[in-house]
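have a look at this fold, sequence not included:
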């Protein structure tokens, strides 16, 4: 039994020794084989989509709502007092500049005008008489100054009386429609000086007042195109004026949109309107996809591609609209920005970029 165990152990030792000899002999037979067995292929780079940063805008229009008013609007006020003797125009009627709207009893005004005229003519005669005497040396300068003052005062009173007489007929200040009239306006009713009669509106053009925030106002320019929509009608207009200071109560800035009105009275003062101001002609910012940006702590970062290498870059973002983001600082136009595969990257990583058609901002 002991001899058998010894034989088995010897056989095992021989087998192990032969195996070691063969392994060493095969390993040392080829340097090329040894190098190949130790080779680890280099990483080819991470495939990513990229875009070119370009000038553009995150938003192409600014949208707001406001109320329509006429190109010109004026409240008609009575500049005299008395009983109404004639109403020449009705609500909604078209009146030309200078047309009569309302007539007030002119008897008192006419009498006052005639009296003022007589006083003026008398003062004029006295002045001319004293002036001739002064020129001839028979009147003093004090007498001339006295009658000159009387003449000037009488002339002022006469002119005022003429104006009051003329004001007994209220006239349209410009071409337009009589938009409304006070219900108290009627023949036989008394009207006081300063009383409101009605309002005249010129609808050959319209205006829309918008009230925008400071960020919106920074983006628009006077003369920018604007589309006005009210009901089913559209009008092409432009930015006519932009306030230089904000409203103290709201902090918003008044922006006036103007447009010609080919629809006449189908578009009326007081109608609501939606306005879109075109910003396409004002590309001032660098645009990249919003999906390119990620956070590291409180800051925003992107990966810029330089020689097929992803470089970490801190940026200052601006306005975002959808997947369009304005970059205030940190990126120049033309630089390539990684748009996908961000989680697979680190600073300095090799990348294989592809550029999808239509990516990036507008040039």
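Yep, that arrived. Treat the numbers as computed from the prediction; the structure is a model and nothing was measured.

what is the distance between stretch 182-194 and the centre of its chain?
Relative to its parent chain, stretch 182-194 has a centroid offset of 43 Å by Cα atoms, centre = their mean, to the nearest Å.

how close does the closest residue to residue 356 other than its chain neighbours get to residue 336?
Across the structure, with Cβ to Cβ, 6 or more residues apart in numbering as the measure, the residue nearest residue 356 apart from its sequence neighbours is residue 49 (5.8 Å). Quick note: C-beta positions are derived from backbone N, CA and C, even for glycine. Applying Cβ to Cβ, to the nearest Å, the value for residue 49 to residue 336 is 11 Å.

can you list residues touching both of these two?
Common neighbours of residue 49 and residue 336 are listed as 353, 355 (criterion: Cβ atoms under 8 Å, 6 or more residues apart in numbering).

what sits against residue 313?
Counting by Cβ under 8 Å, 6+ apart, residue 313 has contacts 301-304, 330-331.

for residue 90, same thing?
Counting by Cβ under 8 Å, 6+ apart, residue 90 makes contact with 178, 181.

before we move on, what about residue 350?
Taking Cβ under 8 Å, 6+ apart as the definition of contact, the neighbours of residue 350 are 43-46, 308-310.

low-confidence ranges, this structure, go.
Within the chain, the stretches falling below the threshold (pLDDT under 70) are 1-43, 280-284, 358-363.

where is the longest helix in it?
With DSSP state H setting the assignment, residue counts place helix 107-136 as the longest helix in the chain.

in it, which residues are buried?
Of the residues in helix 107-136, those scored as buried under the neighbour-count criterion (16 or more other Cβ atoms under 10 Å) are 109, 112-113, 116, 119-120, 123-124, 126-127, 130-131, 134.

what segments of this protein are helices?
Listed in chain order (using DSSP H), the helices of the chain are 2-27, 31-38, 107-136, 141-166, 214-219.

from the contact counts, what lies against the shortest one?
If you count contacts as 3 or more Cβ pairs under 8 Å, 6 or more residues apart in numbering; DSSP states H and E, helix 214-219 packs onto strand 61-77, strand 253-260.

quick one: the strands in the stretch 201-350 of the chain, in order.
Counting by DSSP state E, counting those that start in this stretch, the stretch 201-350 of the chain forms strands over residues 225-230, 233-242, 253-260, 272-278, 285-289, 294-296, 299-306, 309-321, 324-329, 336-338, given from the N-terminal end onward.

can you redo these as a markdown table with distance to residue 102?
As requested, the strands of the stretch 201-350 of the chain are exported to a markdown table (distance: least, Cβ to Cβ, whole Å):
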| stretch | distance to residue 102 |
| --- | --- |
| strand 225-230 | 32 |
| strand 233-242 | 32 |
| strand 253-260 | 31 |
| strand 272-278 | 31 |
| strand 285-289 | 57 |
| strand 294-296 | 70 |
| strand 299-306 | 67 |
| strand 309-321 | 54 |
| strand 324-329 | 57 |
| strand 336-338 | 70 |
